[in-house]
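>>> sharing a model prediction with you, sequence too.
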Amino acid sequence: MHLLINTGGGDAPGLNAVIRAVTLSAIRRGFRVTGIRRGYSGLLEGESGLLRLNRDIVRGIIDRGGTILGTVNRGQPFEYPVHGADGAVTVTDLSDRMMDAFRALGADGLIALGGDGSLRIAARFREKGMPVIVVPKTIDNDLGGTEATFGFDSAMSFATDAITRLHSTAEAHGRVMVVELMGRYAGWLALHAGLAGAAHAILIPELDFDWDVLCAALVHRRDTGRPFAVVVVAEGAKPGGAARVVVRQETSKEPTLGGIGALVAERIAERTGFETRSLVLGHLQRGGPPTPTDRLLSLRYGAEAVRLAAAGQWGRMVSWQPPRMTSITLDEALAKTHAVPADDDAIATARDFGVCLGDA
């Protein structure tokens, strides 16, 4: 069997561990593995766009961040941006050319590592006849059909450390420190890191917040002898009745979110008189080595993907359903987003601790 593997969308700690797991598991079965560089783009670049994977190539990469195959989040094969000599950009469907390249390689199937966008692309290639298996990756932990995605624990651990470090400087200066984390439509990262980092307020996309409620909670802290606070806000959080804060909106693409942290800090200062500061962790959350939890999860994801391929179970996404790895159909995976439910234990725990969630 000849397997292809690629990585798409934003990078996440654990991608290289999955690549290692797929390679070693495939070689043990006598399979060949070829990596496609830069998402699907490498299919159109000849030999320079491909990387034959073997034990030597994947040796020592289990603890490396990023991906040895490279990744793109602007190379959607069905809407591929082609730059002309005059600088103009034409959006073109290159999927048929990529299917021809796939067949020319004599490949039996593709193992695609990615988030919701990569999942949708894989589902469209499946409809064109490409055997695909998806391994779910996102630091937001927002993919449906799996308990956890690799990359989440690493991002959460880093964010927790950053939040913890803010406490001492917030207290020293009597400030409110607002830290913005990733999390477009799901607040897992902000909620878990905020709780673990002992934040005093946590704002997530699932719960629209009220300015009065948030500011009243901070004033109460000051009035009761605690004149400082750390506020954690997911990039997709928004006050009731308002839209999410957008940095950039491009035609036919998801808007780029960001700026809610600065807005929250500004409004808190206006309404309470607190001195405030805001910071955005941004892509720091994606970088660095995966945690041991993510390394193990990545290895298990990769090994299960090869087991599915060996069994001919294509058109599926590997799913972590503790205590076992299993799989679901791509349609099931695409059916819904993995958002924080209103009755989630972490939300109840935050309320029990008196953490302000901005909604009550």
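All right, it came through fine.

>>> low-confidence bits of the stretch 201-350 of the chain, can you list those?
249-253 (pLDDT under 70).

>>> can you show me the helices along it?
211-223, 260-272, 292-310, 330-334, 345-352 (DSSP state H, counting those that start in this stretch).

>>> same question for the stretch 51-200 of the chain.
55-58, 95-104, 116-127, 152-173, 188-196.

>>> how about these, which one is nearest residue 9?
Closest of these to residue 9 is helix 116-127, at 5.2 Å (criterion: Cβ to Cβ). Where you see a C-beta, it was placed from the backbone N, CA and C, and this is true even at glycine.

>>> other residues contacting the closest one?
8-9, 39-40, 73, 76-78, 95, 98-99, 110, 112, 114, 132, 134, 136-138, 142-143, 314-315, 317, 330-331, 333-334, 337 (Cβ atoms under 8 Å, 6 or more residues apart in numbering).

>>> now do that helix against helix 95-104: the angle between them, please.
70 degrees (axes from the mean of the first three to the mean of the last three Cα atoms, to 10 degrees).

>>> can you mark which positions in helix 116-127 are buried?
Residues of helix 116-127 classed as buried under the neighbour-count rule (16 or more other Cβ atoms under 10 Å) are 116-123, 125-126.

>>> ok, stretch 196-213 next?
Under 16+ other Cβ under 10 Å, the buried positions of stretch 196-213 are 196-197, 199-207, 209, 211, 213.

>>> now stretch 169-183
170, 175-183.

>>> okay, now the sheet partners of the helix or strand where residue 4 lies, with direction.
Element membership of residue 4, judged by DSSP states H and E, is strand 2-7. Strand 2-7 pairs in its sheet with strand 32-36 (parallel), strand 109-114 (parallel), by DSSP bridges.

>>> ranking those strands by burial, who's on top?
Counting by mean count of other Cβ atoms under 10 Å, strand 109-114 has the highest mean neighbour count of the strands paired with strand 2-7, with a mean of 26.

>>> off-centre distance for that strand?
16 Å (Cα atoms, centre = their mean, to the nearest Å).

>>> and the helices of the stretch 51-200 of the chain: which comes nearest residue 293?
helix 152-173 (4.4 Å).

>>> next one: that closest one to chain centre, how far?
For helix 152-173, the distance to the chain centre is 19 Å (Cα atoms, centre = their mean).

>>> re the thing from before, of all the strands paired with strand 2-7, which one is nearest residue 269?
Comparing the strands paired with strand 2-7 by Cβ to Cβ, strand 109-114 comes nearest, at 39.5 Å.
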